[in-house]
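# Generate coordinates for the sequence data below:
(2 chains)
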2 protein chains.
Amino acid sequence: MAYRPQLTQASRPATFPALALDETGSEIAVEIAGEHPLTLYVDKREIVTLMTLGAAPEALIVGYLRNQRMVGSLEEIAAVQVDWETEAAAVTTRHGVENLDERLGKRTVTTGCGQGTMFGDLMEEFEHLHLPDDAVLTEATMYALLDNLRHYDTLYKRAGALHSCALAQGSEILYHVEDVGRHNAVDAIAGLMWLDDIEGADKVFYTTGRLTSEMVIKAAQMGIPFIVSRSGITQMGYEVAQQVGITLIGRAKGSHYLLFTGRHRLRK
Amino acid sequence: MAYRPQLTQASRPATFPALALDETGSEIAVEIAGEHPLTLYVDKREIVTLMTLGAAPEALIVGYLRNQRMVGSLEEIAAVQVDWETEAAAVTTRHGVENLDERLGKRTVTTGCGQGTMFGDLMEEFEHLHLPDDAVLTEATMYALLDNLRHYDTLYKRAGALHSCALAQGSEILYHVEDVGRHNAVDAIAGLMWLDDIEGADKVFYTTGRLTSEMVIKAAQMGIPFIVSRSGITQMGYEVAQQVGITLIGRAKGSHYLLFTGRHRLRK
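Numbers count the residues shown, from 1 in each chain, chains lettered A, B, ... in the order given. Alright, predicted model coming up:
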């Protein structure tokens, strides 16, 4: 059985009721997305405060530590304890985090929603990544995946103000995570993959959000050769995708898409 | 004449050409949004790296310093020098930034795109804000503003992957800023307001982005009593809006909207 750190199960309700007046002057009850501060402490040291929906806080914290490269493997994490009363996530590591001071000293505020900060020189590390060139996605499978994703749109449609990410194998959705920040959503997926010991090499990463540089870097770090988004792409997202050789598909909706990079992996 | 720091005028092109394959297999030329790292140095000390479209970098830096409360007035800024070759924005202040070490020690990664980090205890400071209760926006004026904003949609529609913010007086748009991050866009507007000595009390702040807590806090800090967004709202955005008494209108599109808080300022 795969190793699991000691974990709480402290998810928060996804939506909260609120009242609003619409244009007809009617008072209507609406559901709005949760947004909660969660301060991460690693071995009792304060690292950062994330604003999150709180649907999968333990996976979020594990994935945050993974994507920030603060830990090299799940085994280094002994425990993740989320307590909403103190709005704190306490992580205990087995051997501490290497060069923590140096990492915390260098901040990049990315275009990311919800987690737009990278500590350290992540941008430089992706040069050593290699994604499998023999992974294949057919257009028909991608369309089937987009169709399957439509069933998950409910919370997004109901509450708005959310981004969602998914991990798929072919057209089958393995994980689907929503958050007020798209970076929380991608980090939670990275956490779930570690917790369930799932590899990225034959997977597809889907996001409702825009394909900025750090989204591409995070997917590549997870070893996933395909990124599909319903949104557009930035120049740096495009450049990073070219460098790392990932297959990047934007504006994917219904039967439309734009294939930007890594064209050899998408088949008609 | 209003005081102006010494400023470069170093804007970057908004879009860059790229090639993509569409679903018919045709290779098409697309324009994608720029995304550039810009590292802020205040009095030679490295503060943060922002990822930005680069359309209005000097206003962005001024507004960033304003919204992070690193400077209390424009007069404290002697110069802002943006150099894209070194990807650096060098700010010279007149008397330094108070408690800079302490501020840099406490990070909140917000749900913001592009600038989702707040240093220090911004969340606690907004309790002292007061917005004018006699400011009025009529529904007809708001509809006219939404109509005027449609003409600004071109870059967003062309390149995607962008957020935009605007400052309006009635239905007249004074500033319109796009960026890969919505927080860059709101900060650039805060910078322009300072540079042109414009008050917020009779203005409307518009954003394409979601109404999360820190968007509401930033608008309130600028003294603007109205926020209009085409997107949804989060729970904390709603709570902060209630506390600060701002008029918050979400899901504003065409002739639809939801009036969440500060109802007394919107008139039929």
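# does residue A:71 sit in a helix or strand, and which one?
For residue A:71, there is no helix or strand it lies in under DSSP states H and E.
# now swap in residue A:191 and tell me
Since the elements are taken from DSSP H and E, residue A:191 ends up inside helix A:182-195.
# after that helix comes which helix or strand?
Going down the chain from helix A:182-195, the next helix or strand is strand A:204-207, by DSSP H and E.
# Spit out the contact partners of the spatially most central residue of chain A.
Against the mean C-alpha coordinate of chain A, by CA atoms, centre = their mean, the closest residue is residue A:186 at 0.3 Å. Neighbouring residues of residue A:186 by CB atoms under 8 Å, 6 or more residues apart in numbering or on different chains: A:63, A:67, A:165, A:205, A:207, A:215, A:218-219. From N, CA and C alone the C-beta is placed, and that goes for glycine too.
# Please report the distance of residue A:191 from residue A:259.
Per CB to CB, to the nearest Å, residue A:191 is found 29 Å from residue A:259.
# circling back: for chain B, state which of the contacts of residue A:186 is nearest.
Closest approach to chain B among these (CB to the nearest CB): residue A:215, at 10.4 Å.
# helix, strand or coil for the closest one?
helix (DSSP: H, G, I helix; E, B strand; the rest coil).
# cool, and the one 5 residues further on?
In terms of secondary structure, residue A:220 is helix; the call rests on three-state DSSP.
# Could you report the neighbour count for the nearest residue to residue A:191 once chain neighbours are set aside?
Nearest non-adjacent residue to residue A:191, counting by CB to CB, 6 or more residues apart in numbering or on different chains: residue A:63, 3.1 Å away. Residue A:63 has 28 neighbouring residues, counting by other CB atoms under 10 Å in any protein chain shown.
# what do you get for residue A:79?
Neighbourhood size, residue A:79 [other CB under 10 Å]: 14.
# What pairs with the host helix or strand of residue A:250, parallel or antiparallel?
Assigned by DSSP H and E, residue A:250 falls within strand A:247-253. Partners of strand A:247-253 in the sheet, by DSSP bridges, are strand A:226-229 (parallel), strand A:256-261 (antiparallel).
# mind putting these in CSV, distance to residue B:92 included?
Below are the strands paired with strand A:247-253 laid out as CSV (distance: least, CB to CB, whole Å):
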stretch, distance to residue B:92
strand A:226-229, 40
strand A:256-261, 41
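# Indicate which one of these is closest to residue A:176.
Residue A:176 lies closest to strand A:226-229 among the strands paired with strand A:247-253, at 13.4 Å (CB to CB).
# what is the mean pLDDT for that closest one?
What strand A:226-229 shows for mean pLDDT is 96.
# Return that strand as PDB; C-alpha atoms alone will do.
Extracted in PDB, the C-alpha atoms of strand A:226-229 (Å, rounded to 0.1, in the frame of the first residue of the first chain):
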ATOM      1  CA  PHE A 226      -1.000  17.200 -22.200                       C
ATOM      2  CA  ILE A 227      -2.600  20.400 -21.100                       C
ATOM      3  CA  VAL A 228      -6.100  21.300 -22.300                       C
ATOM      4  CA  SER A 229      -7.800  24.600 -21.400                       C
END
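# would you turn the strands paired with strand A:247-253 into JSON lines with mean neighbour count?
Formatted as JSON lines, the strands paired with strand A:247-253 follow (neighbours: other CB atoms under 10 Å in any protein chain shown):
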{"stretch": "strand A:226-229", "mean neighbour count": "26"}
{"stretch": "strand A:256-261", "mean neighbour count": "22"}
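# picking that back up, pretty sure the residue nearest to residue A:191 contacts residue A:196?
No: in this structure residue A:63 lies outside contact range of residue A:196 using CB atoms under 8 Å: 11.9 Å.
# which SS state does residue A:80 fall under?
With three-state DSSP as the basis, residue A:80 sits in strand.
# Confirm for me that it is in contact with residue A:91.
Yes: in this structure, residue A:80 is within contact of residue A:91 by CB under 8 Å, at 5.4 Å.
# Overlap of the contact sets of those two?
Counting by CB under 8 Å, 6+ apart, the contacts common to residue A:80 and residue A:91 are residue A:61.
# tell me the contacts of residue A:234?
A:111, A:210-213, B:32-35, B:161, B:180.
# Kindly indicate the member of those with the most neighbours.
Tallying neighbours with other CB under 10 Å puts residue A:111 at the head of these, with 36 neighbours.
# Would you mind checking which of the contacts of residue A:234 is nearest to residue B:102?
Top of the list for closeness to residue B:102, among the contacts of residue A:234 and by CB to CB, is residue A:111 at 27.3 Å.
# Ranking helices and strands of chain A by mean pLDDT, which lands last?
Lowest by mean pLDDT, DSSP states H and E among the helices and strands of chain A is strand A:117-119, with a mean of 47.
# helices or strands next to the helix or strand hosting residue A:236 in the packing?
Assigned by DSSP H and E, residue A:236 falls within helix A:235-244. Judged by 3 or more CB pairs under 8 Å, 6 or more residues apart in numbering or on different chains; DSSP states H and E, helix A:235-244 is in contact with helix A:213-221, strand A:247-253, strand A:256-261, strand B:15-22, strand B:27-33.
# Make JSON lines out of those and add distance to residue A:139 and mean pLDDT.
What follows is the helices and strands packed on helix A:235-244, written out as JSON lines (distance: least, CB to CB, whole Å; pLDDT from 0 to 100):
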{"stretch": "helix A:213-221", "distance to residue A:139": "20", "mean pLDDT": "89"}
{"stretch": "strand A:247-253", "distance to residue A:139": "10", "mean pLDDT": "94"}
{"stretch": "strand A:256-261", "distance to residue A:139": "8", "mean pLDDT": "95"}
{"stretch": "strand B:15-22", "distance to residue A:139": "11", "mean pLDDT": "92"}
{"stretch": "strand B:27-33", "distance to residue A:139": "16", "mean pLDDT": "91"}
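# Could I get these in a markdown table, plus columns for distance to residue B:4?
Formatted as a markdown table, these follow (distance: least, CB to CB, whole Å):
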| stretch | distance to residue B:4 |
| --- | --- |
| helix A:213-221 | 33 |
| strand A:247-253 | 40 |
| strand A:256-261 | 41 |
| strand B:15-22 | 29 |
| strand B:27-33 | 29 |
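# and among those, the most buried is which?
Compared across the helices and strands packed on helix A:235-244, helix A:213-221 shows the largest average neighbour count, a mean of 26 (mean count of other CB atoms under 10 Å in any protein chain shown).
# Compute the inter-axis angle for it and helix A:235-244.
Orientation of helix A:213-221 against helix A:235-244 (axes from the mean of the first three to the mean of the last three CA atoms, to 10 degrees) gives an angle of 20 degrees.
# Between helix A:182-195 and helix A:213-221, find me the angle.
For helix A:213-221 against helix A:182-195, the angle by the same axes, to 10 degrees is 10 degrees.
# quick one: residue A:93 and residue A:73 touch, right?
No: assessed by CB under 8 Å, residue A:93 is found out of contact with residue A:73, at 11.0 Å.
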